[in-house]
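Participant: coordinates for the following, if possible.
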Amino acid sequence: MRSEPLIIAATSDIAGKVRGKSFPASQFDKRLKSGIGWTPTNVQITCFDSIADSPYGALGDLTLIPDSKTYVELDLEDGKPVERFVLGNICETDGSTWECCTRSILRAALERLEAVANLTLYGAFEHEFHLVANGSPPGNAYTTSGFRLQREFAEVLVAAIKQAGLQPDTFMKEYGIDQYEVTIGPVSGLAIADQATILRELVCICAERLQLNPSFTPLRDPADVGNGVHIHMSLCDNDGNTVTYDPKSRYGLSQIAGQFVAGILKYLDSIAALTAPSVISCNRLMPHRWSAAFNNLGFRDREAAVRICPVNSLSDIAEMDQFNFEFRAADAAASPYLALAAIVHAGTQGIEEELDFPTVTEEDLCPRRKSMLPTGLHIKGIVVERYRNASMMTPKATG
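Facilitator: Have a look, this model is predicted:
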């Protein structure tokens, strides 16, 4: 049976979904210039396939222009069609930037960081997700047996990551039933979100080929653990040298990186609507979940909104190049581009305002906790109110 290879030109929209339109692969060079038709109201399609109130209605036309640097051609050698997709920018029909293009929004945020501080962002997203098949039995958190249940998937995924031009890092059985985590190596600038988007697609492609049902949902069950997205970041100068690390600082965080983090914390109430945008996102970001229950900068604290990560003295990578901080109040309900743009704008604002170095906490801010996830945990509230309340706390801290 004859077939014509197709490439999907895609965009990550405000609902966190990757949507697109395909065209014959033979037209790739042409489409890099002219793009493919797109509709403004598409941006208002929710994750449930309803259309939210839209200022565009049935009017208007746009073009989705692929970026060749994001092209992925994936052959899993399983006798099924080769996957071909490319990410792009949504533009007006004259080629100018469209106001709701998430990729262009992130580019503008990164340009602002460079203009204000001559800095480039360097980092990577790590993703947690569930693979729903027959269900793994209890007692498999972080175990080798839990890993073996999905070894085939893991090895297919790592091969796909390499084939797509990303740098595989780790794959592990996570705490929850059927829950796993995958990490990739860091890159700079716009590619951070590009690769996060590509990685999510690779997880879905590989899982579906193996007849698994992948889910990145922030929370499947109120009594279960949720899936987070942890965004690791450092700041580099124009020569590519890190400026995040200061060996004279007690916690290793430099003054300018401290101002960047202070901006994130100051505006966290606002940007959480973009980094953790769903109703169930709010339910996950609670104490006892190892998510981000507090508006704070924590030293190696996995319940802080921003965590100072450890360095490994045994590594062949210099400590200053390893050093990074991690934003934890995010999940895959968010577009990687919007989430990172919100963080970068907030951090850049912190540099512009020359905010004071944030207080660093070292202790558990919820000391009555007895377990990672108490049985019968009842969850209420919304994320903005929780962050507002948390920001008014004055926990014992050092630094």
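Participant: can we go C-alpha only for contacts and neighbour counts from here?
Facilitator: Fine.
Participant: may I ask which helix or strand of the protein has the lowest mean pLDDT?
Facilitator: helix 383-391 (a mean of 38; mean pLDDT, DSSP states H and E).
Participant: how long is stretch 41-57 from one end to the other?
Facilitator: Distance across stretch 41-57, first residue to last, is 6 Å (CA to CA, to the nearest Å).
Participant: residues contacting that stretch, please?
Facilitator: For stretch 41-57, contacts defined as CA atoms under 8 Å, 6 or more residues apart in numbering pick out 13-17, 40, 58, 100.
Participant: which among those gets closest to Ile317?
Facilitator: Nearest to Ile317 among the contacts of stretch 41-57 is Gly16, at 33.8 Å by CA to CA.
Participant: so the closest one touches Ala330, yeah?
Facilitator: No. When contacts are counted by CA atoms under 8 Å, Gly16 is not listed as touching Ala330 (11.8 Å).
Participant: more neighbours: those two, which one.
Facilitator: In this view Gly16 and Ala330 are compared by other CA atoms under 10 Å, and Ala330 has more residues nearby, 29 against 22.
Participant: can you tell me how far that one is from Leu6?
Facilitator: For Ala330, the distance to Leu6 - CA to CA - is 33 Å.
Participant: now Pro137: closest residue in space, sequence neighbours ignored.
Facilitator: Ile177 (7.2 Å; CA to CA, 6 or more residues apart in numbering).
Participant: actually, Thr183.
Facilitator: Closest to Thr183 by CA to CA, 6+ apart is Glu126, at 4.7 Å.
Participant: okay, now the sheet partners of the host helix or strand of Arg19, with direction.
Facilitator: Arg19 belongs to strand 18-24 when elements are defined using DSSP states H and E. Next to strand 18-24 in the sheet, as set by DSSP bridges, lie strand 6-12 (antiparallel).
Participant: hmm, who's touching the partner strand?
Facilitator: With contact meaning CA under 8 Å, 6+ apart, strand 6-12 is reached by 18-25, 28, 36, 64-66, 83-90, 102-103, 197, 335-337.
Participant: these in strands, which ones?
Facilitator: Counting by DSSP state E, the contacts of strand 6-12 place 18-24, 36, 64-66, 83-90 in strands.
Participant: contact partners of stretch 130-139?
Facilitator: Contact with stretch 130-139 is made by 146, 149, 177-180, 207, 211-216, 227, as judged by CA under 8 Å, 6+ apart.
Participant: flag every buried residue along it.
Facilitator: By neighbour count on 16 or more other CA atoms under 10 Å, the buried set for stretch 130-139 is 130-132, 136.
Participant: can you read off the pLDDT for the closest residue to Ile65 other than its chain neighbours?
Facilitator: The shortest distance from Ile65 to any non-neighbouring residue, by CA to CA, 6+ apart, is to Gly35 (4.0 Å). Reported pLDDT at Gly35 in the predicted model: 97.
Participant: residues near Gly35, how many?
Facilitator: Neighbours of Gly35 (other CA under 10 Å): 24.
Participant: span of stretch 6-22 from start to end?
Facilitator: Per CA to CA, stretch 6-22 runs 6 Å from first to last residue.
Participant: give the buried residues for that stretch.
Facilitator: 6-18, 20.
Participant: try stretch 68-88
Facilitator: So, applying 16+ other CA under 10 Å, buried residues of stretch 68-88: 70-72, 74-76, 83-88.
Participant: picking up where we left off before, closest one of the buried residues of stretch 130-139 to Ser315?
Facilitator: His130 (30.6 Å).
Participant: ok, Cys309 touching Phe327?
Facilitator: No. At 10.3 Å, Cys309 and Phe327 do not qualify as touching, with contact defined as CA under 8 Å.
Participant: and the longest helix along the chain with strand 6-12, angle?
Facilitator: Longest helix of the chain, by residue count under DSSP state H: helix 191-209. With axes from the mean of the first three to the mean of the last three CA atoms, to 10 degrees defining the directions, helix 191-209 sits at 120 degrees from strand 6-12.
Participant: what about the residue nearest to Ala276 when sequence neighbours are not counted, which SS state?
Facilitator: Nearest residue to Ala276, sequence neighbours excluded (CA to CA, 6+ apart): Ala330, at 4.8 Å. Put simply, Ala330 is coil when judged by DSSP: H, G, I helix; E, B strand; the rest coil.
Participant: check Ala330 and give its pLDDT.
Facilitator: With respect to pLDDT, Ala330 has a value of 95.
Participant: swap in the one 5 residues further on?
Facilitator: Predicted confidence (pLDDT) at Ser335: the value is 97.
Participant: residues near it, how many?
Facilitator: Other residues near Ser335 number 27, with proximity taken as other CA under 10 Å.
Participant: now it. Nearest residue, chain neighbours left out?
Facilitator: Closest residue in space to Ser335, ignoring its immediate chain neighbours: Gly16 at 4.1 Å, by CA to CA, 6+ apart.
Participant: can you tell me which residues contact that neighbour?
Facilitator: Listed by CA under 8 Å, 6+ apart, the contact set of Gly16 reads 47, 332-336.
Participant: would you list these in TSV and tack on distance to Phe294?
Facilitator: Formatted as TSV, these follow (distance: CA to CA, whole Å):
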residue	distance to Phe294
Cys47	27
Ala332	20
Ala333	20
Ala334	20
Ser335	22
Pro336	22
